[in-house]
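>>> Provide a 3D model corresponding to the input given below.
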Amino acid sequence: MKKSENAVLTVVGKNAIGILAKVATAVADAKASVVQVSQIVMGDFFTMNMLIDVTEMECTIKQLEKNIKEALPLVEVHVMHDNIFASMHTI
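Numbers count the residues shown, from 1 in each chain. Now for the predicted structure:
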């Protein structure tokens, strides 16, 4: 059995209807899977952190990020493999 690989996906920007749906659709279209999601709407601002399983993903992480940015051009989107994310936050 293949070891699970995860990525951290963040979205920040002005709140709009359908942000979570568009991100989840892009993740599913890439054959990745949402593991956990947290979102907060503060006034007009939307923030979301999503942990995704990219073990079976059919594109690169950069391509997934590009696809989401194309679907949501007015928000900031970042996708990072969890080993890079963990390294950045280890003292």
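
>>> helices and strands of this protein: which one has the lowest mean pLDDT?
Across the helices and strands of the chain, mean confidence by mean pLDDT, DSSP states H and E is lowest for helix 82-88: a mean of 70.

>>> quick one: low-confidence parts of this structure?
Counting by pLDDT under 70, the chain has low-confidence residues at 1, 85-91.

>>> how about the helices of this protein, start to end?
Along the chain, the stretches classed as helices by DSSP state H are 19-29, 61-71, 82-88.

>>> so which of the ones you listed is nearest V37?
With distances scored as Cβ to Cβ, the stretch of the helices of the chain nearest to V37 is helix 19-29 (7.4 Å). C-beta coordinates here come from the backbone N, C-alpha and C atoms, glycine included.

>>> what are the contacting residues of the closest one?
By Cβ atoms under 8 Å, 6 or more residues apart in numbering, the surrounding residues in contact with helix 19-29 are 9, 11, 13, 33-34, 37, 39, 46, 48, 50, 52, 64, 67-68, 71-72, 75, 77.

>>> buried ones among these?
With neighbours counted using 16 or more other Cβ atoms under 10 Å, these contain these buried positions: 9, 11, 13, 33, 46, 48, 50, 52, 64, 67-68, 71-72, 75, 77.

>>> now, these that are in strands?
Judged by DSSP state E, strands contain the following of the buried ones among the contacts of helix 19-29: 9, 11, 13, 33, 46, 48, 50, 52, 75, 77.

>>> the second one pairs with what?
Put plainly, it is V11. V11 forms beta bridges with M48, V77, as assigned by DSSP bridges.

>>> thinking again about what came up before, now render the helices of the chain as JSON lines, adding distance to S4.
Listed next are those as JSON lines, based on distance: least, Cβ to Cβ, whole Å:
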{"stretch": "helix 19-29", "distance to S4": "15"}
{"stretch": "helix 61-71", "distance to S4": "15"}
{"stretch": "helix 82-88", "distance to S4": "10"}
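
>>> among these, which comes closest to K2?
Closest approach to K2 among the helices of the chain (Cβ to Cβ): helix 82-88, 15.2 Å.

>>> residue contacts, K62?
Taking Cβ under 8 Å, 6+ apart as the criterion, K62 is in contact with V79.

>>> meant to ask about D44, not that
Taking Cβ under 8 Å, 6+ apart as the definition, contacts of D44 comprise 14-15.
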